[in-house]
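Chemist: Would you be able to build a 3D model of this:
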Amino acid sequence: MRLNTPLSLVLLAFSAFAKNPMVGGHEMFPQKNIVENAINSADHTTLVAAVKAADLVATLQSAGPFTVFAPVNAAFAKLPAGTVDTLLKPENKATLAKILTYHVVAGKMSAADLKKAIKMGGGKAMLKTVAGGTLTATMKGGKLMLTDEKGGMATVTQADVNQSNGMIHVIDGVVLPN
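Modeler: Here you go, the predicted structure:
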């Protein structure tokens, strides 16, 4: 194919502007895994520290695929004072791991997949988490919402951040298992 044809010039121009999604001020690369990308997000430093403290790095670097609902730092800051510090202590590793794996669903689910499941479920999709609990996905005002087993809610603020081993959806709240 000649590079000076009108179509090739349009494609070349488009590819120059096509970028990977930005999360936490940094580009997320689909060829990197969940942990490699999360480490680069300034908005996910608390999540990364928690994943390390819970000893889940190797799991989230494995082939998966996983769908991760990734709370931003501000989501952790909404928890009662001292909660994060307490959870990061070695003696609370099992509790922390349960909370973190409650944010993970086996398989790769895009926003379109979630919306389809919600539609097929009559307005709700029940998502089985790696922790063994259930998250309820719904739509509200055109936004994907998650409701945890305690009635807490989080909104997907950025969907479809592709990873080599799954998908990240950025959320504005920490969802908690029973």
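
Chemist: Tell me where the longest strand sits in this structure.
Modeler: strand 153-163 (DSSP state E).

Chemist: Quick one: distance of it to the chain centre.
Modeler: Centre-to-centre, strand 153-163 and its host chain are 6 Å apart (CA atoms, centre = their mean, to the nearest Å).

Chemist: Stretch 57-74 now?
Modeler: 7 Å.

Chemist: which parts of that stretch are buried?
Modeler: By 16 or more other CB atoms under 10 Å, the buried positions in stretch 57-74 come out as 57, 59-61, 64-73. C-beta coordinates here come from the backbone N, C-alpha and C atoms, glycine included.

Chemist: Find the pair from those residues with maximum spatial separation.
Modeler: Pro65 and Asn73 (25.3 Å; CB to CB).

Chemist: Identify each of the strands in this structure and give its residue range.
Modeler: Remark: strands assigned in the chain by DSSP E are 22-23, 26-27, 66-71, 104-106, 125-128, 134-140, 143-147, 153-163, 166-171.

Chemist: Strand 153-163 and the last one, what's the angle between them?
Modeler: Strand 166-171 and strand 153-163 meet at an angle of 150 degrees, taking axes from the mean of the first three to the mean of the last three CA atoms, to 10 degrees as the criterion.

Chemist: neighbouring contacts of strand 166-171?
Modeler: Contact with strand 166-171 is made by 23, 28, 34, 37-38, 43, 64-72, 75, 103, 107-111, 144, 146, 154-161, as judged by CB atoms under 8 Å, 6 or more residues apart in numbering.

Chemist: same thing but 6 Å
Modeler: 64-71, 108, 154, 156-159, 161 (CB atoms under 6 Å, 6 or more residues apart in numbering).

Chemist: And for the fifth one?
Modeler: The contact list for strand 125-128 (CB under 6 Å, 6+ apart) reads 105, 117-118, 134-137.

Chemist: Check which residues of that strand are buried.
Modeler: Buried-residue list, strand 125-128, by 16+ other CB under 10 Å: 125, 127.

Chemist: again, but for the longest one
Modeler: For strand 153-163, the neighbour count (16+ other CB under 10 Å) marks 154, 156-163 as buried.
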